[in-house]
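1. Provided below for reference: sequence and predicted model.
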Amino acid sequence: MNETFKQFLDSCDKEISDKQSSRIKEVFTGKFSAEELTVNLIVESRIISCEFLQAYHNWLFDNYEILPKKK
């Protein structure tokens, strides 16, 4: 892969945004109570955070040799 961090951010943002857009169209039908909407927004923000962290983790391991610390 060996892309720069800026390239990673640009591609990651596009890919994750596309996934999020698809999920929002599927899940957010507009027929929610305030509580359900709040819960769905919290869940969506956690999903996005996990997706970005996983993508960053993968980028780091693709571009750097990361070894465990010696005890």
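-> Alright, I've got the coordinates.

2. show me where pLDDT drops low in the protein?
-> Flagging of the chain using pLDDT under 70 yields the residue ranges 1-2.

3. for residue 7, pull up the helix or strand it's in.
-> Assigned by DSSP states H and E, residue 7 falls within helix 5-27.

4. separation between residue 30 and residue 41?
-> Relative to residue 41, residue 30 is positioned 13 Å away (CB to CB, to the nearest Å). Bear in mind the C-beta positions are built from the backbone N, C-alpha and C, glycine included.

5. repeat that for residue 48.
-> 11 Å.

6. any idea which element the residue nearest to residue 27 when sequence neighbours are not counted lies in?
-> Of all residues not flanking residue 27 in the chain, residue 40 sits nearest, at 6.2 Å (CB to CB, 6 or more residues apart in numbering). Residue 40 is part of helix 34-63, with elements assigned from DSSP H and E.

7. packing partners for that helix?
-> Contacts defined by 3 or more CB pairs under 8 Å, 6 or more residues apart in numbering; DSSP states H and E place helix 34-63 against helix 5-27.

8. residue 28 and residue 36 touch, don't they?
-> No - with contact defined as CB atoms under 8 Å, residue 28 does not count as touching residue 36 (10.1 Å).

9. what residues are up against the residue nearest the centre of the chain?
-> Among the residues of the chain, residue 51 comes closest to the average C-alpha position under CA atoms, centre = their mean, at 2.6 Å. Residue 51 makes contacts with 16, 19, as judged by CB atoms under 8 Å, 6 or more residues apart in numbering.
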